[in-house]
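**Student:** what shape does this take:
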Amino acid sequence: ILLREGCKKILVADSLSLLKKMHRTQMKGILVDEENICESCLSPILPSDAAKPFSAVVFHCRHMFHKECLPMTSMNSPVQFCNICSAKHRGPGSAMLEMKK
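**Tutor:** Numbers count the residues shown, from 1 in each chain. Model prediction:
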């Protein structure tokens, strides 16, 4: 019983530590500049004409794609996956960047 309780304390502490680390990581800003490229088409993420509207998806893994370069997902599912590492992009509050002028 003592071993089980000790293991449980370790698991709780590890879970809390990992949750805090994930929260810190997700709160960090992601710089998008003219050097970033779409991981799918290898074109620059930002258009050369600053007045031109564009849409980009930036995952928490820092991989970036033009919105139109990602495969279409089901209308019922707001979840998209990074084509490179399978990281998830989920609905509101996630790393969707849309610039319109």
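**Student:** separation between the residue nearest the centre of the chain and Ile84?
**Tutor:** Central residue check for the chain by C-alpha atoms, centre = their mean: the C-alpha nearest the mean position is that of Phe59, 2.0 Å away. Separation of Phe59 from Ile84 (C-beta to C-beta, to the nearest Å) stands at 9 Å. Quick note: C-beta positions are derived from backbone N, CA and C, even for glycine.
**Student:** repeat for Gly29
**Tutor:** 20 Å.
**Student:** more crowded one of those two?
**Tutor:** Ile84 (14 against 5; other C-beta atoms under 10 Å).
**Student:** now the more buried one: which helix or strand?
**Tutor:** Remark: Ile84 resides in no helix or strand, with elements defined by DSSP states H and E.
**Student:** show me where the protein has its strands.
**Tutor:** Here the chain has its strands, by DSSP state E, at 54-58, 64-66, 80-81, 88-89, 96-99.
**Student:** ok, and what's touching the second one?
**Tutor:** Applying C-beta atoms under 8 Å, 6 or more residues apart in numbering, the contact partners of strand 64-66 are 32, 36-41, 43, 45, 54-58, 82-83.
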